[in-house]
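J.: next input, structure requested:
(one chain, ligands or ions: 1)
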Amino acid sequence: MVDINRIPGLDYIRKRGNLCIGAMYAEAALERSDLIRTKYPILADAIPLIADPLVRNRGTIGGNVAMAIPATTSAIMLALGATSSRRGEGAHHTGEPVLQRALLDCPRANEILTEIRIPAPPPRSGGATPS
Ligand SMILES: Cc1cc2nc3c(=O)[nH]c(=O)nc-3n(C[C@H](O)[C@H](O)[C@H](O)COP(=O)(O)OP(=O)(O)OC[C@H]3O[C@@H](n4cnc5c(N)ncnc54)[C@H](O)[C@@H]3O)c2cc1C
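T.: The predicted structure is shown next:
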C-alpha cells in the first residue's frame, strides 16, 4: 500500500484557460476557493452537499473521481466536460474524459490520477443543485 498524500506537487488549483486541479486537492479547499465560487458556481454549490466537513477535509478530488461514485461531483464533472490525466511507469495519459468508463474509472494498479481539467463554461451557461 502506498500513501499518495506524501507525493508533492499534486495539491494545487490554477486557471490557465481550463481550470486545473491537482488530484490531491482537498474537497474542503475547493469549497473555500474564490476561483471556484466566481467561475464554477455549480461546483461551489455542490461540494458542501458532500457528506460532512470531516469527509471533505480528507477527501480529495482525485479520490472522488477515481472512485467514480455516481453522485454529486461525478455528475457535475460530466456536465462540465472535465478530463483527467493519469501517470504511471513510463506512461502519461492526458485529456481523457472523466468517468468515460463509469464505475471502472480507477487507474490501473501501477498508475495514479494526477489532474482534473475543467474547461471554462461557455457564455450564458449556468447550473443549479437541489437544495
Ligand atoms: C459518508 C460519505 C458520504 C459521501 N458523500 C458523497 C457525495 O454525496 N457525493 C460525492 O461525490 N462523494 C461523496 N463521498 C465521497 C467523498 O467525497 C470522497 O470523494 C471519497 O471518500 C474519496 O476520498 P479520498 O480522496 O480520501 O480517497 P480514498 O478513500 O483514499 O480513495 C478512494 C479510492 O480511490 C483510489 N485513489 C484515491 N486517489 C487516487 C489517485 N490520485 N489516483 C488513483 N487512485 C486514487 C484509492 O486507492 C481508493 O481505491 C462520500 C464519502 C463518505 C465517506
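
J.: check contacts around the residue in the chain positioned nearest to the ligand.
T.: Per C-beta to the nearest ligand atom, Gly63 is where the chain lies closest to the ligand, at 2.0 Å. Every C-beta, even on glycine, is put in place using the N, C-alpha and C of the backbone. Counting by C-beta atoms under 8 Å, 6 or more residues apart in numbering, Gly63 makes contact with Ala23.

J.: doesn't it lie inside a strand?
T.: No: counting by DSSP: H, G, I helix; E, B strand; the rest coil, Gly63 falls outside a strand, being helix.

J.: in the sheet, who's paired with the closest residue to Ile4 other than its chain neighbours?
T.: Using C-beta to C-beta, 6 or more residues apart in numbering and skipping the chain neighbours, the partner closest in space to Ile4 is Ile112 (5.9 Å). The partner list for Ile112 in beta bridges (DSSP bridges) reads Arg87.
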